[in-house]
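Colleague: Generate a structure from the sequence data that follows.
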Amino acid sequence: MLKCQPTMEKLTGLKLYPAYTYARIYKKGDELKRHKDRFSCEISTTLNLGGDEWPIYIEPSGNKNKKGIKVNLNPGDMLVYRGCDLEHWREKFKGKKCVQVFLHYNNSKTPGAKDNIFDRRPHIGLPSWTKKQNSYNK
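Modeller: Reported below is the predicted structural model:
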């Protein structure tokens, strides 16, 4: 996440604060329901590390009746999107496995972003139960 931050700032044109990362191996039958993300995922990425093809859908208009834009990612491809603003989802996975890594950032100009560095954890890599107590999670 930190190593990719300069590239992410260049791509987005924003000064970013790191929030958190997440990795997952998806298996047959998994599904990502249509949703928008929480505050820590303001600027989101999904990076395909390999496995079977599994497209992600993005709906920029917010219209739940629309099918969305289908994005296929090959291994090594990364999609950058506004996770809090854009609905996104994946239909039921029909392959065997698909490995994804997610990098999440906040725009430094968004109110509360500075208090959310590392998802309000004292150090990068620590589990969520180590989050600092502040006005956001009391």
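
Colleague: Just the pLDDT at the residue nearest to residue 73 when sequence neighbours are not counted, thanks.
Modeller: Leaving aside its sequence neighbours, residue 73 sits nearest to residue 48 (CB to CB, 6 or more residues apart in numbering; 4.0 Å). Backbone N, C-alpha and C define where each C-beta goes, glycine included. Here, the pLDDT recorded for residue 48 equals 97.

Colleague: ranges for the strands of this structure?
Modeller: In the chain, the strands defined using DSSP state E lie at 16-27, 32-35, 43-51, 56-59, 69-71, 78-81, 87-90, 97-107.

Colleague: quick one: contacts for the residue nearest to residue 73?
Modeller: By CB atoms under 8 Å, 6 or more residues apart in numbering, the contact list for residue 48 reads 73-78, 98-100.

Colleague: Same question for residue 42.
Modeller: 19, 82-84, 104-107, 110, 113.

Colleague: From the residues you listed, list just the buried residues.
Modeller: 19, 82-84, 104-106, 113 (16 or more other CB atoms under 10 Å).

Colleague: tell me the centre residue of the protein?
Modeller: Nearest to the mean C-alpha position of the chain, by CA atoms, centre = their mean, lies residue 44 at 3.5 Å.

Colleague: wait, that one sits on residue 100?
Modeller: No - in this structure, residue 44 is not within contact of residue 100 by CB atoms under 8 Å, at 11.4 Å.

Colleague: And stretch 76-92, what's buried?
Modeller: Neighbour-count burial for stretch 76-92, counted by 16+ other CB under 10 Å, picks out 78, 80-84, 86-88, 90.

Colleague: and what of stretch 57-68?
Modeller: Judged by neighbour count (16+ other CB under 10 Å), stretch 57-68 contains these buried residues: 57-59, 68.

Colleague: ok, residue 69 - contacts?
Modeller: The neighbours of residue 69, taking CB under 8 Å, 6+ apart as the test, are 57-60.

Colleague: Quick check: the two most widely separated of the buried residues of stretch 76-92?
Modeller: For the buried residues of stretch 76-92, the maximum inter-member distance is 19.4 Å, found between 78 and 87 (CB to CB).
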